[in-house]
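Q: Sequence and predicted structure are below.
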Amino acid sequence: MKSALAFAPAWLSILIGLGLGYGLGVPLHPQPVRPASSEESSSLEREEFENGRGPGNQETPAPSLDLVSDSSPIHSRNVGRSPSAVSKLSLEQIHAKLQELNQALPGPATDRLEEALVERWTALDPRGAADYAVQALQQGASDRMLRQATQAWARQNPQEAATWASQLNSPSARDAAIQSIYGVWSSTQAAQAAQSIFSLPPGSAQTSAVAAIGANYAKSNLGAALQWLGSLPTSLQGAAVRNTLTSWYRTDPTSAAQWLVQQPSPILRTQGLASLAENWSRRDPATALAYAQKITDPALQKIFMRETVKTYAQSDPRAAASWLAQPQAAAYTAWAVRDVASRWAYFEPASASAWAQTVPNTAQRNQAVSAVATSWAATDPQRAAQWIRSLADTSSRDQAIASFGRVLVRTDPNSARLWVNQITNPELKKRMLAGLGK
């Protein structure tokens with residue numbers, strides 16, 4: 001039997017190994033690697049994706065921003081909203097980092113980084129940021145940076161910002177900037193913003209401004225907003241009426257309608273009533289239809305009723321078709337039946353085609369069938385053709401073929417002529433062939 005001294009070299013080896021291991025900072029026994037938790041993995045994957053290193057982008061270098069840590073907001077979806085890192089950059093540092101971005105590959109991470117830097121620039125120098133944003137827009141960037149910069153500028157000096165925007169050479173950039181500036185300006189000084197619109201170039205610049213002012217003006221002072229709306233040139237009233245009156249449409253549509261029908265401007269009467277009808281019928285079609293019958297001016301009544309029925313047919317075509325069968329709708333059925341059939345066929349052509357054939361009046365039934373054929377031919381010409389062939393009434397079938405041919409001629413003129421030659425009504429066939437070039 002060996003003595004215990006025989007094992008001394010082994011114990012000495014173990015002790016020496018332990019000493020070396022701890023001395024060198026390396027454990028004697030390797031520790032198992034702990035797998036990352038799902039939360040850590042998700043965070044890592046998100047960070048890699050936002051830096052362009054996600055799946056499928058392994059070779060895309062992330063934009064460099066040495067002054068901003070990986071945990072800063074530029075690496076999140078809320079980029080630029082938190083002041084933790086980007087808000088500490090100076091103007092010179094912002095310029096330098098934007099220069100670095102010129103060397104980065106385009107992508108979502110680069111775009112977010114650029115927007116964060118421009119937002120910081122806006123706080124320091126809104127005009128410089130706006131100039132940069134215009135150049136970026138002309139190179140294919142979105143208009144978010146331009147709107148961001150001009151909104152911040154408008155909070156500081158709206159008149160100066162508006163003057164700058166009015167002098168831009170790009171109409172699209174100019175109008176986007178003006179809309180942003182006047183939206184901010186009118187939220188606090190609606191009357192002053194409204195007075196300044198005529199310092200802008202005529203045309204789309206003024207149109208963009210009045211469209212941005214209307215809702216804010218009405219919110220702060222409805223009476224003054226209505227007076228301003230009535231005083232505008234007719235060329236601008238159409239752009240202003242909907243936004244100015246939308247809140248009034250919701251709270252008191254009857255008073256809004258009464259005000260509109262009394263206006264001397266034909267733009268306010270017609271476009272205003274049309275936008276009111278659309279808004280009202282979307283929320284309460286029955287009340288809107290009942291009010292339409294109280295309008296005494298036949299032309300205005302037709303405008304209001306047509307927009308109401310059209311919107312009603314979009315939201316609930318079956319209910320709109322049922323309303324047409326009621327006695328109070330008799331005065332409007334001659335033109336409304338086509339609108340209902342057309343809208344219904346866009347959503348449910350089979351149901352609309354079945355209803356169209358049940359319309360009792362022959363002329364109105366032909367209109368409904370024709371409207372269904374037009375809508376259905378544009379979306380599913382093969383099924384539309386099958387339905388047309390199944391029509392037993394020759395008059396309705398002729399009208400359907402004529403409508404089908406008008407759509408088909410755009411893509412297949414030869415087939416359109418073959419269809420038109422099947423029309424049994426000689427006069428209708430002659431007119432259709434002449435229209436097709438024969």
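A: That came in fine, so what should we check first?

Q: Give me the spatial nearest neighbour of Val372, chain neighbours excluded.
A: Ala345 (4.3 Å; Cβ to Cβ, 6 or more residues apart in numbering). Where you see a C-beta, it was placed from the backbone N, CA and C, and this is true even at glycine.

Q: If I look at the one you found, what pLDDT would I see?
A: At Ala345, the pLDDT value in this model is 94.

Q: Which helix or which strand is home to it?
A: Take DSSP states H and E as the rule and Ala345 turns out to sit in helix 333-347.

Q: For that helix, enumerate the helices and strands it packs against.
A: helix 298-315, helix 317-324, helix 349-356, helix 362-379 (3 or more Cβ pairs under 8 Å, 6 or more residues apart in numbering; DSSP states H and E).

Q: So, low pLDDT: which residues of the stretch 1-150 of the chain?
A: By pLDDT under 70, the weakly predicted segments of the stretch 1-150 of the chain are 1-84.

Q: which residues are contacting the helix holding Ala345?
A: By Cβ atoms under 8 Å, 6 or more residues apart in numbering, the residues outside helix 333-347 that reach it are 302, 305-306, 309-310, 313-314, 317-318, 320-321, 324, 329, 351-353, 355-356, 359, 361, 363-364, 367-372, 374-376, 379.

Q: Could you give the separation of it from the chain centroid?
A: Relative to the chain's own centre, helix 333-347 is displaced by 26 Å; criterion: Cα atoms, centre = their mean, to the nearest Å.

Q: swap in stretch 381-388?
A: 33 Å.

Q: now stretch 412-421
A: 39 Å.

Q: Could you do stretch 309-321 as well?
A: 23 Å.

Q: now stretch 276-283
A: Taking mean C-alpha positions (Cα atoms, centre = their mean), stretch 276-283 and its chain are 20 Å apart.

Q: try stretch 223-237
A: Using Cα atoms, centre = their mean, the offset of stretch 223-237 from its chain centre is 27 Å.

Q: Okay, buried residues for it please.
A: The neighbour-count check on stretch 223-237 (16 or more other Cβ atoms under 10 Å) flags Ala225, Leu226, Trp228, Leu229, Leu232, Leu236, Gln237 as buried.

Q: Next, the angle from the helix holding Ala345 to helix 349-356.
A: Orientation of helix 333-347 against helix 349-356 (axes from the mean of the first three to the mean of the last three Cα atoms, to 10 degrees) gives an angle of 160 degrees.

Q: Alpha carbons only: can I get helix 333-347 in PDB?
A: Taking Å, rounded to 0.1, in the frame of the first residue of the first chain, the C-alpha atoms of helix 333-347 are listed here in PDB:
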ATOM      1  CA  THR A 333     -84.800  58.500 -58.000                       C
ATOM      2  CA  ALA A 334     -84.400  59.400 -61.600                       C
ATOM      3  CA  TRP A 335     -80.700  60.400 -61.000                       C
ATOM      4  CA  ALA A 336     -80.100  58.800 -57.600                       C
ATOM      5  CA  VAL A 337     -80.600  55.200 -58.800                       C
ATOM      6  CA  ARG A 338     -77.500  55.400 -61.000                       C
ATOM      7  CA  ASP A 339     -75.400  56.800 -58.100                       C
ATOM      8  CA  VAL A 340     -76.500  54.000 -55.800                       C
ATOM      9  CA  ALA A 341     -76.000  51.300 -58.300                       C
ATOM     10  CA  SER A 342     -72.500  52.500 -59.300                       C
ATOM     11  CA  ARG A 343     -71.300  52.800 -55.600                       C
ATOM     12  CA  TRP A 344     -72.900  49.500 -54.700                       C
ATOM     13  CA  ALA A 345     -71.400  47.700 -57.700                       C
ATOM     14  CA  TYR A 346     -67.900  48.900 -56.700                       C
ATOM     15  CA  PHE A 347     -68.200  47.000 -53.400                       C
END
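
Q: tilt between that helix and helix 298-315?
A: Going by the same axes, to 10 degrees, helix 333-347 makes 30 degrees with helix 298-315.

Q: related to what we said a few turns ago, and the residue nearest to Val372, how many residues sit next to it?
A: By other Cβ atoms under 10 Å, 27 other residues sit near Ala345.
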